[in-house]
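> okay, sequence plus prediction incoming.
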Amino acid sequence: MPFPYKKVDSTDIEYIKSVTSPDRVAVGDEIKSEYYHDEMPDYGVFPPELFVEAINKEEVSAVMKYCYDNNIPVVIRGAGTGLAGGSNCKYGGIMMSIMKMNKIFPVDHKNQTITCEPGALLIDVQAAAADEGLFYPPDPGEKTATIGGNVITNAGGMKAVRYGLTRDFVRCIEAVLPDGSIVNFSSNVVKNTTGYDIKDLVIGSEGTLCILTQVTLKLLPAPKYTRTLVIPFESLEKCADMVPKVLDLPFVPTAIEFLERELLEIVERTLNKPFPVPVGNAVLIVMYDASSKDELEAACDSAAEAALENGAIDCMIADSPERIASVWSVRGAILEGMKADSVAQEECDVVVPRSAIAEYVKSAKKIALSHGIRVEPCGHAGDGNIHTEMLRNPGMSDEEWKSATHASLVELYALSKKLGGQLSGEHGIGNGRLEFLEPFVGERIHRLYKSIKLAFDEKLVLNPGKIVEFNK
């Protein structure tokens with residue numbers, strides 16, 4: 001690092017207690033081990049020296065100003081559901097939780113927005129919008145993630161193909177900068193060309209540039225009708241080849257997902273969640289939303305006809321809330337099922353052009369298998385975000401697993417780049433993919449990333465060692 005970080009001492013502890021509350025501060029062994037890592041412990045287990053729960057922006061500001069002045073690193077913690085090693089204290093220091101900052105304000109019907117604090121859970125924000133007849137579309141797999149976490153990772157999810165990412169629904173942000181300044185990025189307006197668009201730069205910055213304290217989100221009218229099609233195929237290749245054909249139809253699907261039968265069997269075997277309909281060796285799941293029954297019928301008929309013309313075994317319709325929920329609950333349980341079915345997991349969540357999905361899937365399976373790893377690709381086919389799940393079998397040593405996954409990742413990222421894709425479509429860089437970023441984007445772009453970090457945080461006190469590293 002460019003300068004040594006200060007170790008937290010008794011003076012620092014007393015100050016943090018004085019600007020927050022002693023009953024919301026834990027030190028050393030008092031800190032629960034769950035705060036040492038996120039959902040991917042393999043990407044780093046690092047204990048903070050002090051843990052504090054903030055309840056408002058004034059406390060966040062006071063803590064950050066003190067830490068900035070005293071060179072103490074700070075990591076912000078939400079629900080800890082990240083998958084890139086982004087919310088751990090790599091260099092010690094202070095972990096500040098914003099989970100108690102979870103207020104959701106009344107829906108603004110005139111502007112069709114909802115404002116909340118960063119600790120509000122995604123599922124609660126979606127419910128608050130639904131209670132008012134409105135719809136917050138971003139739908140990442142982890143519904144108990146916080147809105148703040150969704151925003152700073154630009155979470156996507158299954159419905160991104162129609163509605164877009166979290167970025168597309170953020171109107172404005174209130175935040176605290178590393179030096180403790182409280183600022184606003186944009187306001188509740190639809191258009192804004194006032195200066196640089198810092199709001200969109202902050203979204204997806206993984207907690208390295210500022211701390212969100214309030215966010216205003218755009219809402220949409222709730223769709224009146226929805227239906228899910230379950231389309232089995234004889235092979236994953238045929239299934240993946242169908243994706244661009246669905247997207248070429250006149251109706252924009254809400255979500256398109258593909259799964260191999262082996263993944264469905266894993267979920268059934270480990271979690272006792274059977275898929276509600278029979279499938280071939282792979283299945284394409286397509287969801288449509290519509291404002292009228294006629295529109296919905298036309299969309300589903302068009303997709304079913306195209307699928308059967310292109311080698312689908314069948315096309316089954318889930319049109320009741322119960323049937324739809326049963327299909328998507330299995331899809332949502334994939335990661336949990338794989339964790340239960342293997343000793344360890346590594347995930348590569350590249351994104352490729354939709355036209356390259358089939359080629360990526362075929363090549364990715366060959367790459368991982370060549371290194372002795374069981375591999376299960378699945379993903380958000382509508383936006384090209386492919387989750388390449390690598391599973392460790394019993395009998396592999398730690399060294400064998402580490403070597404095989406690293407070799408696989410090098411080749412998988414090279415494949416993604418060759419096909420015109422990107423390193424990560426959803427989970428981000430964090431600490432887990434740090435070594436792969438510069439080779440992927442190139443030295444000049446990587447240097448630009450560092451310049452952006454320094455413009456916000458010249459002392460490198462906010463979530464240091466994530467996305468970019470300065471110790472070499």
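Sure thing, it's come through. Numbers count the residues shown, from 1 in each chain.

> V243 and H380 touch, don't they?
No: taking contacts as C-beta atoms under 8 Å, V243 lies outside contact range of H380: 10.2 Å. (Glycine included, C-beta is placed from N, CA and C.)

> quick check: neighbours shared by those two?
Jointly contacting V243 and H380 under the rule C-beta atoms under 8 Å, 6 or more residues apart in numbering are I256.

> who is the closest residue to W401 other than its chain neighbours paired with across the strands?
Computed as C-beta to C-beta, 6 or more residues apart in numbering, the closest residue to W401 that is not its neighbour in sequence is R392, at 5.0 Å. On the basis of DSSP bridges, R392 takes part in beta bridges with A344.

> quick check: R392 touching V343?
Yes: at 4.4 Å, R392 counts as touching V343 under the criterion of C-beta under 8 Å.

> more neighbours, those two?
With neighbours defined as other C-beta atoms under 10 Å, R392 and V343 compare such that R392 has more, 19 against 12.

> quick check: beta-bridge partners of L284?
The partner residues for L284, given DSSP bridges, come to I231, F258.

> gap between it and S355?
16 Å (C-beta to C-beta, to the nearest Å).

> who has more neighbours, these two?
Per other C-beta under 10 Å, whichever of L284 and S355 has more neighbours is L284, with 26 against 13.

> quick one, helices of the stretch 301-450 of the chain?
321-332, 334-341, 357-370, 398-418, 434-441, 443-456 (DSSP state H, counting those that start in this stretch).

> for L219, find the nearest of those helices.
Closest of those to L219 is helix 321-332, at 21.2 Å (criterion: C-beta to C-beta).

> and that closest one, C-alpha only, in CSV?
Backbone C-alpha positions of helix 321-332 (Å, rounded to 0.1, in the frame of the first residue of the first chain) are rendered in CSV as follows:
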residue,chain,number,x,y,z
PRO,A,321,-49.2,-18.5,-10.0
GLU,A,322,-48.5,-21.9,-8.4
ARG,A,323,-47.1,-23.5,-11.5
ILE,A,324,-45.0,-20.4,-12.4
ALA,A,325,-43.6,-20.3,-8.9
SER,A,326,-42.8,-24.0,-8.9
VAL,A,327,-40.7,-23.6,-12.1
TRP,A,328,-38.8,-20.5,-11.0
SER,A,329,-38.2,-21.8,-7.5
VAL,A,330,-36.2,-24.7,-8.9
ARG,A,331,-34.2,-22.3,-11.0
GLY,A,332,-33.6,-20.1,-8.0
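
> who's in contact with that helix?
Surrounding helix 321-332, the residues in contact under the criterion C-beta under 8 Å, 6+ apart are 141, 158, 226-228, 230, 257, 259, 264, 267, 273-277, 285, 287, 318.

> stretch 412-428 too?
Contact with stretch 412-428 is made by 82-84, 86, 140, 153-157, 204, 206, 347-353, 356, 359-360, 363-364, 367-368, 380, 383-386, 388, 429, 433, 436-437, 439-441, 467, as judged by C-beta under 8 Å, 6+ apart.

> buried ones from the residues you listed, can you make that a ChimeraX selection?
Of these, the buried ones go into a single ChimeraX selection, burial set by 16 or more other C-beta atoms under 10 Å:
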select :82,83,84,86,140,153,154,155,156,157,204,206,347,348,349,350,351,352,356,359,360,363,364,367,368,380,383,384,385,386,388,429,433,436,437,440,441,467
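
> out of the contacts of stretch 412-428, which are inside strands?
347-348, 380, 385-386, 388 (DSSP state E).

> sorry, back to before: filter the contacts of helix 321-332 to the buried ones?
By neighbour count, with 16+ other C-beta under 10 Å, those hold 141, 158, 226-228, 230, 257, 259, 264, 267, 273, 275-276, 285, 287, 318 as buried.

> okay, who's weakest in the residues you listed by pLDDT?
Lowest pLDDT among the buried ones among the contacts of helix 321-332: G141, with 78.

> so L229 sits against D314, correct?
No: counting by C-beta under 8 Å, L229 does not reach D314; the two are 10.2 Å apart.
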